[in-house]
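1. Please work out how this folds:
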Amino acid sequence: MKLIDFTQVENIFIVCGKTDMCRQIDGLAATITEEYDMDIYNGALFLFYGGNKDRFKALYWEGDGFLLLHKRLENGKLNGPRNQKVSIKPAVKGSIA
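-> Take a look at the predicted model:
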């Protein structure tokens, strides 16, 4: 297993709106392929926010399998997209680093 340098990821997409944080790899991947007609195997990082903005998941294809990261903040909230309409948009790297 190799370490991923996420600063080298070329495309980062934020899925706006509320994501069910119970969804795992297959469910999140299906959201990308079915709702947005995007290729999940292209090396992009996809970020999903929960409804309370205190947690997010990141889905990334490593070439031999998916990596799913889940972050829960103990204090505070994420300052992510506030649009309640579900959409996907490219992220500006400096804004999420």
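2. What residues of stretch 55-66 count as buried?
-> Arg55, Phe56, Lys57, Ala58, Leu59, Tyr60, Trp61 (16 or more other CB atoms under 10 Å). C-betas here are computed from N, CA, C, even on glycine.
3. Mind checking the pLDDT average for that stretch?
-> Taken as a whole, stretch 55-66 has a mean pLDDT of 92.
4. Can you tell me, leaving aside adjacent residues, what's nearest to Phe48?
-> Leaving aside its sequence neighbours, Phe48 sits nearest to Thr19 (CB to CB, 6 or more residues apart in numbering; 3.9 Å).
5. How many neighbouring residues does that neighbour have?
-> For Thr19, the count of nearby residues is 20 (other CB atoms under 10 Å).
6. Surely it is within a helix?
-> No. When DSSP: H, G, I helix; E, B strand; the rest coil is applied, Thr19 is found to be coil, with no helix at that position.
7. Okay, now the unreliable bits of this protein?
-> Scanning the chain for pLDDT under 70 picks out the ranges 1, 80-97.
8. all strands of it, in order?
-> 12-16, 45-49, 55-61, 66-72, 87-90 (DSSP state E).
9. And the fourth one, what does it pack against?
-> Spelled out, that is strand 66-72. Strand 66-72 sits against helix 25-30, strand 55-61, with contacts defined as 3 or more CB pairs under 8 Å, 6 or more residues apart in numbering; DSSP states H and E.
10. can you do 7 Å?
-> Secondary-structure packing of strand 66-72 (3 or more CB pairs under 7 Å, 6 or more residues apart in numbering; DSSP states H and E): strand 55-61.
11. swap in the second one?
-> Under the contact definition 3+ CB pairs under 7 Å, 6+ apart, strand 45-49 sits against strand 12-16, strand 55-61.
12. Need the contact partners of it.
-> 6, 9, 12-15, 19, 28, 32, 56-60, 78, 80, 91 (CB atoms under 7 Å, 6 or more residues apart in numbering).
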